[in-house]
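1. Sequence isn't available, so here's the structure alone:
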Ligand SMILES: NC(=O)c1ccc[n+]([C@@H]2O[C@H](COP(=O)([O-])OP(=O)(O)OC[C@H]3O[C@@H](n4cnc5c(N)ncnc54)[C@H](O)[C@@H]3O)[C@@H](O)[C@H]2O)c1
């Protein structure tokens, strides 16, 4: 195989994946599927000649597809991923992997049984600033981590509408639906949090079925502690400001700020001054994500953001939701 031939199911966020596929010389976009024909017709203007389907099962019958991107509402991830794996396709499934742990386990089991790759689209791992921060931390630049924090601050009052009412599902708590980006980021940096306590309220999206603001504090391996703040109703631009504190320095990185700050150097006056790193702003680096998945399929590169990783992020997020409801600290294991 010299190219991975892709189909994309769901052409909202899926359209961004289609651009990512087109920008990769080892990938080819063959087919797309959406129940909304108007939306597909619009996509065809950018991707002329790509086959269109309104039933994903028909798309999956194609022998000339190696992989599919599942970019439909979260509630459909399990059904479509299982069908695609069963049809012999590798799958890149959007985040969150699913809304329940049962669904996550079924998807893990199916990928093990079929021996097909299942990647979860936690795209924060491809955001240039977060990637750079992770490299610096792994290289020991800020020493021994002791505190990590990330946030997902968004205003969902603008999102529901023509395509998006599926977000108004009691199972799709904001801490899981969008907040999984921040949860996955701290997990990527500090490992799996094993104790989680959280508080939540609902003062902004008052008709929403779940709380809209949550703060979770977490204990990680190696005596690291951390916090994740998620608001889906705040009045500001979408941001994931994140700070990583280590024994030798501190990194402040925000997906909306083109400068990453690394505090390390002692200045003459005794204050720690930041080194400023220019960072490309790219919140939806589907080009990087598709490149990684294509490399996994073509060259057998290890799959980092696999189904178990996706499920661990869901489990940590759901533990925070549980804690915010029960008032109890939740202990979490990660056996999938
Ligand atoms: N990685 C990110 O940063 C990011 C950003 C936005 C959304 N997402 C995720 O991407 C997924 C899609 O979100 P979105 O914002 O594109 O939502 P959306 O509502 O804009 O688009 C979903 C599309 O799926 C289509 N669809 C629904 N049911 C279908 C079916 N049975 N068969 C085929 N198509 C169907 C809809 O017609 C719609 O066009 C969700 O899982 C979401 O959480 C990820």
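-> Arrived safely, thanks for sending. The shown structure was predicted, so the numbers you read here are calculated from the model rather than taken from an experiment.
2. rest of the way, CA atoms for contacts and neighbours
-> Will do.
3. quick one, what contacts residue 21?
-> Taking Cα atoms under 8 Å, 6 or more residues apart in numbering as the definition of contact, the neighbours of residue 21 are 6, 27-29, 287, 290-291.
4. between those residues, which is nearest residue 84?
-> residue 6 (11.8 Å; Cα to Cα).
5. thought that closest one was touching residue 62?
-> No. The criterion here is Cα atoms under 8 Å, and residue 6 misses it with residue 62 at 10.7 Å.
6. With neighbour numbers in mind, choose between the two.
-> With neighbours defined as other Cα atoms under 10 Å, residue 6 and residue 62 compare such that residue 6 has more, 26 against 13.
7. Quickly list what the more buried one is bridged to.
-> Listed by DSSP bridges, the beta-bridge partners for residue 6 are residue 29, residue 67.
8. Mind picking out the helix or strand in the protein with the poorest mean pLDDT?
-> strand 272-278 (a mean of 84; mean pLDDT, DSSP states H and E).
9. Strand partners (parallel or antiparallel) of that strand?
-> As defined by DSSP bridges, the strand partners of strand 272-278 come to strand 259-266 (antiparallel).
10. centre of the chain versus the top helix by length along the chain, how much separation?
-> Of all the segments assigned as helix in the chain under DSSP state H, the longest by residue count is helix 307-326. Averaging C-alpha coordinates over helix 307-326 and over its chain gives two centres that are 13 Å apart (Cα atoms, centre = their mean, to the nearest Å).
11. Next: stretch 119-131.
-> The chain centre lies 7 Å from the centre of stretch 119-131; the measure is Cα atoms, centre = their mean.
12. what's next to that stretch, contact-wise?
-> Contacts of stretch 119-131 from elsewhere in the structure, counted by Cα under 8 Å, 6+ apart, are 91-97, 181, 184-185, 253-255, 260, 279-286, 288-289, 293, 303, 305-307, 309-310.
13. near the ligand, which of those show up?
-> Of the residues in the contacts of stretch 119-131, proximity to the ligand by Cα under 6 Å from any ligand atom holds for 94-96, 284.
14. Using ChimeraX, define a selection of the buried residues within those.
-> For selection in ChimeraX, the members of these meeting the burial criterion (16 or more other Cα atoms under 10 Å) are listed in this command:
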select :94,95,96,284
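15. related to what we said a few turns ago, list the helices and strands the longest helix of the chain packs on?
-> For helix 307-326, the elements it packs on are helix 101-114, strand 118-121, helix 174-177, helix 180-190, strand 195-201, strand 330-331, judged by 3 or more Cα pairs under 8 Å, 6 or more residues apart in numbering; DSSP states H and E.
16. strand partners of the shortest one, parallel vs antiparallel please.
-> Pointing back at strand 330-331 there. In the sheet containing strand 330-331, the strands it pairs with under DSSP bridges are strand 195-201 (antiparallel).
17. in its sheet, what does the next helix-or-strand element following the strand it pairs with sit against?
-> Of the helices and strands lying after strand 195-201 in sequence (DSSP states H and E), the nearest is strand 213-220. Strand 213-220 pairs in its sheet with strand 195-201 (antiparallel), strand 224-231 (antiparallel), by DSSP bridges.
18. what angle separates strand 213-220 from helix 180-190?
-> Here strand 213-220 points in a direction 20 degrees away from that of helix 180-190 (axes from the mean of the first three to the mean of the last three Cα atoms, to 10 degrees).
19. tell me the angle strand 213-220 makes with helix 307-326.
-> Counting by the same axes, to 10 degrees, strand 213-220 points 120 degrees away from the direction of helix 307-326.
20. and strand 213-220, what's its mean pLDDT?
-> In this model, strand 213-220 has a mean pLDDT of 98.
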